[in-house]
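J.: 3D, please:
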Amino acid sequence: MSDSKQPGLGDAYALSGAEDARRLYADWADTYDAAFAEANDYRPPEVVARLFAEAGGTGPVLDAGAGTGLGGVALAAHGIGPVDAVDLSPEMLAVAERKRVYRALVEGDILAGLPIADGAYAGVVSAGTFTLGHVGPAGFDELLRVAAPGALLVISVNARAFESDGFAAKMAALAPAIEDLATVEEPIYGPGATGAHAGDTARVLSFRKRPG
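T.: Numbers count the residues shown, from 1 in each chain. As a prediction, the model looks like this:
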């Protein structure tokens, strides 16, 4: 793993807004799976899918910040569906579509509001979107809006972003709206990863939207 790659992780962590992200992921889409995810044993999509399945999660599920569809593949391997994908990058969604694991693919920005009805999903997952330079804790409000009462949400948050960007305070503020909160810390990359971020971890949050 090298932050000097173009595009690469260093560029992703330095993003400064939606348009910046669209430009980066337009360039990265075709090489993302092989050059980044596979090369570094990128784990959050599988970790999130596994925890969602173990907690009894069911479809329909929204994969928020789906990217190239790694989360959809992981959910399908656990027998979970139907799954819809949403991402702000049409190029990343085009790669996700080729995996044939999604019922629908939607272009949208979590922070700007998604073109999705209130309470549309029994589950919401997100892996890798709540991280440095990407979506901050305000994005949880939109994911809860599209979640049905009682829906299960499993969301990975980069541990450094969790500490620096106010996620702990956000979870405390959301306490009246959620229940069954559990948190685990997981490696983001497998043992073969190298470089400055090889030891990075994610806080994986699992909770349900309160009924009523």
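J.: Helix or strand, whichever it is, which one in the protein has the lowest mean pLDDT?
T.: helix 9-13 (a mean of 50; mean pLDDT, DSSP states H and E).
J.: The longest strand seen in the chain pairs with which strands, parallel or anti?
T.: Scanning the chain for the strand with the most residues, using DSSP state E, yields strand 147-158. Paired neighbours of strand 147-158 in the sheet (DSSP bridges): strand 121-130 (parallel), strand 201-209 (antiparallel).
J.: My reading is that Tyr32 lies in a helix. Confirm?
T.: Yes - assignment of Tyr32 by DSSP: H, G, I helix; E, B strand; the rest coil places it within a helix.
J.: and it, how many neighbours does it have?
T.: 22 (other C-beta atoms under 10 Å). For glycine as for every other residue, the C-beta is placed from the backbone atoms N, C-alpha and C.
J.: Please name the residues that touch it.
T.: By C-beta atoms under 8 Å, 6 or more residues apart in numbering, Tyr32 lies in contact with 25, 67-68, 92, 95.
J.: Looking at neighbours, which among those is most surrounded?
T.: Most surrounded of the contacts of Tyr32: other C-beta under 10 Å gives Thr68, at 29 neighbours.
J.: before we move on, back to that, closest to Val135 among the contacts of Tyr32?
T.: Gly67 (12.4 Å; C-beta to C-beta).
J.: who touches the closest one in this structure?
T.: 25, 32, 87, 89, 92, 95-96, 128.
J.: hang on, the earlier thing: hey, which of the strands paired with strand 147-158 is tucked in deepest?
T.: Ranked by mean neighbour count, the strands paired with strand 147-158 are led by strand 121-130 with a mean of 26 (mean count of other C-beta atoms under 10 Å).
J.: got any ranges where this structure has weak pLDDT?
T.: 1-28, 133-134 (pLDDT under 70).
J.: Just the helices from this protein, written as ranges.
T.: 9-13, 18-31, 44-54, 70-77, 90-98, 139-146, 159-164, 167-173 (DSSP state H).
J.: And the contacts of the fourth one?
T.: Residues lying outside helix 70-77 but in contact with it, judged by C-beta under 8 Å, 6+ apart, are 33, 37, 42, 45-46, 48-50, 52-53, 61, 63, 66, 81, 83, 85, 96, 99, 101-102, 125-127.
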